[in-house]
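[1] prediction below, plus the sequence it came from.
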Amino acid sequence: MLITKSELEAVAVKPAQYPPDDRKEIAFAGRSNVGKSSLLNLLTGRKSLARVSGSPGKTRTINFYSVNDSFRIVDLPGYGYARVSRSVTEKWGDMVDAYLKSRQNLTVVVLLADIRHKPTAQDIQLYEWLRAYRLDGLVAATKADKISKSEASRNLRVIRETLGLADADKLLPVSVLKRTGVEDLLAALEDLLR
């Protein structure tokens with residue numbers, strides 16, 4: 001798939017602010033600082049479509065991006081950042097939960113996991129939730145440039161086992177820095193949009 005056009009369509013904290021559910025959506029979810037915004041910018045070929053920050057937890061809204069005028073990529077707020085107050089964390093959880101439960105046109109949620117670390121309890125909980133709602137099946141292991149190939153192979157096995165991925169589930173290592181794995185991820189997204 002070639003992305004030739006992408007733009008921010010809506011910023012939402014509640015369902016009334018969502019764009020119409022007239023086209024398929026693919027959401028991206030993961031811990032704070034896992035590289036969601038950087039990956040979205042690489043996928044779309046835009047340097048600053050999604051705001052990238054040096055400090056984790058910057059995305060605090062649900063951001064809807066129109067892609068090729070045919071589908072949407074949805075950037076969900078990151079979770080698990082310790083320096084955010086409990087009340088803010090609960091609001092984020094409620095906001096994301098409302099989106100995931102209400103969006104009929106949501107095709108899949110791509111879980112981003114840092115390849116350097118074993119998935120956390122929150123990653124496992126989210127993936128189990130996605131499996132229950134049949135929104136699972138695609139995990140992107142980010143920051144693949146930060147470890148050796150042998151470490152990557154071992155860590156991918158750990159991620160697959162920890163999340164309980166089925167054989168058919170895709171686990172794709174990606175690196176924004178080295179721009180690797182992006183074609184595989186785009187091909188997987190294209191398959192899901194058919």
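    Received, thanks. Residues are numbered from 1 along each chain as shown.

[2] what bridges to the closest residue to Leu189 other than its chain neighbours?
    Setting aside the residues directly before and after it, Leu189 is nearest to Ile26 in space (Cβ to Cβ, 6 or more residues apart in numbering), at 5.9 Å. For glycine as for every other residue, the C-beta is placed from the backbone atoms N, C-alpha and C. Beta-bridge partners recorded for Ile26 (DSSP bridges): Ile73, Val108.

[3] how many neighbours does the closest residue to Met1 other than its chain neighbours have?
    Closest residue to Met1 apart from its sequence neighbours, by Cβ to Cβ, 6+ apart: Glu190 at 3.9 Å. Glu190: 12 surrounding residues under other Cβ atoms under 10 Å.

[4] re earlier: run a quick neighbour tally on the residue nearest to Leu189.
    20.

[5] distance-wise, check it relative to Leu186.
    Going from Ile26 to Leu186 by Cβ to Cβ, to the nearest Å gives 11 Å.

[6] identify the residue nearest the geometric centre of this structure.
    Phe28 (2.0 Å; Cα atoms, centre = their mean).

[7] before we move on, the earlier item: would you check that the residue nearest to Met1 makes contact with Ile3?
    No. Judged on Cβ atoms under 8 Å, Glu190 makes no contact with Ile3 at a distance of 10.2 Å.

[8] distance of Ile26 from Leu192?
    Separation of Ile26 from Leu192 (Cβ to Cβ) stands at 7 Å.

[9] just Arg46 next, same as before
    21 Å.

[10] what's the residue lying farthest from the centre of the chain sitting at in phi/psi?
    When distances to the mean C-alpha position of the chain are computed (Cα atoms, centre = their mean), the maximum falls on Ser150, with 25.0 Å. Ser150 adopts backbone torsions of phi -70, psi -40, taken as degrees, to the nearest 10.

[11] pLDDT at it, what is it?
    Per-residue pLDDT puts Ser150 at 94.

[12] swap in Pro56?
    45.

[13] next: Gly35.
    In this model, Gly35 is scored at 91, pLDDT.

[14] may I see the buried residues of stretch 19-36?
    25-36 (16 or more other Cβ atoms under 10 Å).

[15] widest-spaced pair of the residues you listed?
    Glu25 and Asn33 (23.7 Å; Cβ to Cβ).

[16] would you turn the buried residues of stretch 19-36 into a markdown table with secondary structure and distance to Ser70?
    Shown next, in a markdown table, are the buried residues of stretch 19-36 (DSSP: H, G, I helix; E, B strand; the rest coil; distance: Cβ to Cβ, whole Å):
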| residue | secondary structure | distance to Ser70 |
| --- | --- | --- |
| Glu25 | strand | 11 |
| Ile26 | strand | 12 |
| Ala27 | strand | 16 |
| Phe28 | strand | 17 |
| Ala29 | strand | 22 |
| Gly30 | strand | 24 |
| Arg31 | strand | 29 |
| Ser32 | coil | 30 |
| Asn33 | coil | 31 |
| Val34 | coil | 27 |
| Gly35 | coil | 25 |
| Lys36 | helix | 22 |
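
[17] cheers, nothing more for now.
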